[in-house]
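Novice: Dropping a prediction and its sequence here:
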Amino acid sequence: MSSGCRCGRSGRGRGSVTAAVRRDDVGPLCRAFCGVLVVATLLLGTAGTSSAVGGAAGTLPSPRADNAAPAIPPGVPVARVRTWLGRALTLRLDALESAAFAVSVAGNLTAQHRVALDAIITSDQSGLSDLLAGLEGETTIAELRLTADAMVLNYRVFSLLTPQVRAVVLADRKLAKVVTLAALEPSLQTAITTEKSSGHGAAAAQRIYEKLVALLSAVETSLGDSTAALLALTPENDAQGAQTFAGSAATLVAASSQVVSARADVRRIVKILGGA
């Protein structure tokens, strides 16, 4: 589940208004774009892996092929197909282990999303482990073909679950930034109300504050809708996957820009109110 991106993670810490605003975001647009590239790479990588027979006759597909029922060419010995299938199942179980670890260390995942991802991963691990355990008892190509079909069509580990986990983790990481900024709203409103008694800049600060509240609410809603769509994807409806992942990537890019704008609004309010 790791990628070449090392942009880092944001925490959920909440401090004073000024401290939260000054916290370095280490390039929010860069990190969101890295996330988008990871999702796109995962999608393109799996989409570009053909499950059809390769060059020479009798060539089995890549064990990572994940887009269609694997094509097992005629004449391939049962033992060879079984070995190939064992490798393919093991690769998927390894990928699920990596996904489980990614979920376990993702500090910004909401409790609801963590439970949902854990349930998907655990279910897939159980099903694929059962397929692997029954492999030695399968003695015909027909039996092995049924297992191979189930491995791909019922789970879609590489083309669906892997990018699904990554996209949800990225969305919740961005959501944590929004929640941190939204937590400043009561303090800002109190400061504005106090300022109204002196009449210096309170009206301007109130306008910016109302814009800020609306912006953060909209970002939180868009991220929530995007994550709900991601978690609704299953092997049965994975035809919607490309569109859903593309939508999630676009939402992340927009959210990054909106978080930058929200931070700027908080700074403006603090400046108007005479904050440091």
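Specialist: On my side now, so go ahead.

Novice: Helices of the chain, start to end?
Specialist: Along the chain, counting by DSSP state H, helices occupy 17-22, 28-47, 78-105, 111-133, 141-153, 162-182, 185-196, 202-231, 241-272.

Novice: same question for the fourth one, mean pLDDT?
Specialist: If I follow you right, that is helix 111-133. The pLDDT scores in helix 111-133 average 98.

Novice: How about the shortest one?
Specialist: Helix 17-22 shows a mean pLDDT of 38 in the predicted model.

Novice: Report the separation between the closest residue to Gly201 other than its chain neighbours and Gln189.
Specialist: Nearest residue to Gly201, sequence neighbours excluded (CB to CB, 6 or more residues apart in numbering): Ile272, at 4.3 Å. C-betas here are computed from N, CA, C, even on glycine. Look at Ile272 and Gln189: by CB to CB, to the nearest Å, they are 14 Å apart.

Novice: neighbour-wise, which of those two wins?
Specialist: Neighbours were counted for Ile272 and for Gln189 using other CB atoms under 10 Å; Ile272 has more, 20 against 16.

Novice: how near is the more buried one to Ser222?
Specialist: Relative to Ser222, and taking CB to CB, Ile272 is found at 28 Å.

Novice: same thing with Thr162?
Specialist: 23 Å.

Novice: Mind checking which of these two has more residues around it?
Specialist: Thr162 (24 against 21).

Novice: The more buried one against Ala102, yeah?
Specialist: No - if you go by CB atoms under 8 Å, Thr162 and Ala102 don't touch, sitting 9.3 Å apart.

Novice: show me the contacts for the closest residue to Lys196 other than its chain neighbours.
Specialist: Among residues not flanking Lys196 along the chain, Ala202 sits closest, at 4.2 Å (CB to CB, 6+ apart). Ala202 sits next to 192, 195-196 when contact means CB atoms under 8 Å, 6 or more residues apart in numbering.

Novice: Kindly tell me how buried the closest residue to Ala95 other than its chain neighbours is, as a neighbour count.
Specialist: Leaving aside its sequence neighbours, Ala95 sits nearest to Val157 (CB to CB, 6+ apart; 5.2 Å). Using other CB under 10 Å, Val157 is surrounded by 26 other residues.

Novice: is it true that Val157 touches Ser123?
Specialist: No - in this structure, Val157 is not within contact of Ser123 by CB under 8 Å, at 11.7 Å.

Novice: how many other residues sit next to Arg92?
Specialist: Arg92 has 28 nearby residues by other CB under 10 Å.

Novice: same thing with Val165?
Specialist: 26.

Novice: Do I have it right that it meets Ala102?
Specialist: Yes - counting by CB under 8 Å, Ala102 is a contact partner of Val165 at 5.9 Å.

Novice: separation between Asp124 and Arg156?
Specialist: With CB to CB as the criterion, Asp124 and Arg156 are 9 Å apart.

Novice: From Ser62, how far out is Ala79?
Specialist: Distance, Ala79 to Ser62, by CB to CB: 19 Å.
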